[in-house]
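Engineer: Compute the structure for the input listed below.
(one chain, ligands or ions: 2)
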Amino acid sequence: MIILKSDEEIKKIALASKIVAEVLRLLEEMIRPGVTTKDVELYVEKIIRERNGVPAFKGYRGYPSSLCTSINQEVVHGIPSKKRVLREGDIISIDVGVVYKGFIGDAARTYPVGKVSEATRRLLQVAEDSLYKGIEKAWPSNRVSDISHAIQSYVEKNGYSVVRTFVGHGVGRALHEDPQVPNYGLPNKGPRLRRGMVLAIEPMVNAGTCDVTIMNDGWTAVTNDGMPSAHFEHTIVVTDDRPQILTKL
Ligand code: MF3
Ligand code: CO
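Structural biologist: Ligands and ions are numbered 1, 2, ... in the order given. The predicted structure is shown next:
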């Protein structure tokens, strides 16, 4: 069942999303060689608390942290640790969810650590652009899979693959609501998009194979071929015309 949101509810999701956007913006300065993913966690928790938000991920299905930090071949759901030190040339995907006044905003971005290779820069660019290709399809009376298809076509045209194991989702009072928003599929399938639908669209783009494995910690997803992966996510709302991106400053 898809929960359509009222304008009042959308305002609250927008406030939660604004905190998420600020976190991701502030991390641009913080992400550099020598920093541990635990340092990132402490910094993010401080920013969220200062803005009277609550981390949305901590305790979700037993997830132990306020954010996900996934390095290089890690796709999503990497757990922050003081043993994981960022090095020049790495990429790190950071996924953050915030609850504010009972509503959630959810977004992710992949950051380069120091100077990265040309190939890596291109992976990040294509992954980010694929998110916008998907968002562009979030108009009323389009269908969910129009988003999916736009993302997959763009990614594959550029020689990369999209992860199938994890999908985007509706978001509101709960982190994961209907509908699921896959990053692959044929167009014109699934529910019709309506004004008031709030969606977290989140392509995970792999340089090599789309297949992933969950590590022994029960969370961290890694690419099966060890090649890098990038993840970009925004919370958006379907309006009467163009989609509005809530997790953008
Ligand atoms: N953006 C991710 C998602 O929507 C982050 C969830 S991490 C979890 O699934 F730990 F909360 F599951
Ligand atoms: Co999400």
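Engineer: Dump the helix or strand Val20 falls within to CSV, restricted to CA.
Structural biologist: Using DSSP states H and E, Val20 maps to helix 7-30. Taking Å, rounded to 0.1, in the frame of the first residue of the first chain, the C-alpha atoms of helix 7-30 are listed here in CSV:
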residue,chain,number,x,y,z
ASP,A,7,1.5,19.0,2.2
GLU,A,8,2.0,19.1,6.0
GLU,A,9,3.7,15.7,6.0
ILE,A,10,5.9,16.7,3.0
LYS,A,11,7.0,19.7,4.9
LYS,A,12,8.2,17.5,7.8
ILE,A,13,10.0,15.1,5.3
ALA,A,14,11.6,18.2,3.8
LEU,A,15,12.9,19.3,7.2
ALA,A,16,14.4,15.8,7.9
SER,A,17,15.8,15.8,4.4
LYS,A,18,17.4,19.2,4.8
ILE,A,19,19.4,17.9,7.8
VAL,A,20,20.5,14.9,5.6
ALA,A,21,21.6,17.3,2.9
GLU,A,22,23.5,19.4,5.4
VAL,A,23,25.3,16.4,6.7
LEU,A,24,26.3,15.3,3.2
ARG,A,25,27.5,18.8,2.4
LEU,A,26,29.6,19.1,5.5
LEU,A,27,31.2,15.7,4.8
GLU,A,28,32.8,17.2,1.7
GLU,A,29,35.2,19.0,4.0
MET,A,30,35.8,16.1,6.3
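Engineer: near ligand 1, anything from it?
Structural biologist: No - for helix 7-30, no contact with ligand 1 is found by Cβ under 6 Å from any ligand atom; the gap never falls below 10.2 Å. From N, CA and C alone the C-beta is placed, and that goes for glycine too.
Engineer: Can you list the buried residues in the helix or strand just after that helix?
Structural biologist: Proceeding N to C from helix 7-30, the next assigned helix or strand is helix 37-50, under DSSP H and E. Within helix 37-50, the residues that count as buried by 16 or more other Cβ atoms under 10 Å are 37-41, 43-45, 47-48.
Engineer: quick one: the next helix or strand after helix 37-50 near ligand 1?
Structural biologist: Toward the C-terminal end, the helix or strand that comes next after helix 37-50 (DSSP H and E) is strand 54-55. No - using Cβ under 6 Å from any ligand atom, strand 54-55 stays clear of ligand 1, with a minimum separation of 9.2 Å.
Engineer: Can you tell me what sits against strand 54-55?
Structural biologist: 44-45, 48, 66-67, 96-100 (Cβ atoms under 8 Å, 6 or more residues apart in numbering).
Engineer: could you redo those as TSV and give each row pLDDT and distance to ligand 2?
Structural biologist: Converted to TSV, these look like this (pLDDT from 0 to 100; distance: Cβ to the ion, whole Å):
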residue	pLDDT	distance to ligand 2
Val44	98	16
Glu45	98	19
Ile48	98	16
Ser66	98	14
Leu67	98	12
Val96	98	10
Gly97	98	7
Val98	99	12
Val99	98	13
Tyr100	98	16
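Engineer: can you pick the most crowded of those?
Structural biologist: Compared across those, Val98 has the highest neighbour count, 31 neighbours, by other Cβ atoms under 10 Å.
Engineer: tell me the secondary structure for it?
Structural biologist: Using DSSP: H, G, I helix; E, B strand; the rest coil, the structure places Val98 in strand.
Engineer: That one and ligand 1, how far apart?
Structural biologist: 12 Å (Cβ to the nearest ligand atom, to the nearest Å).
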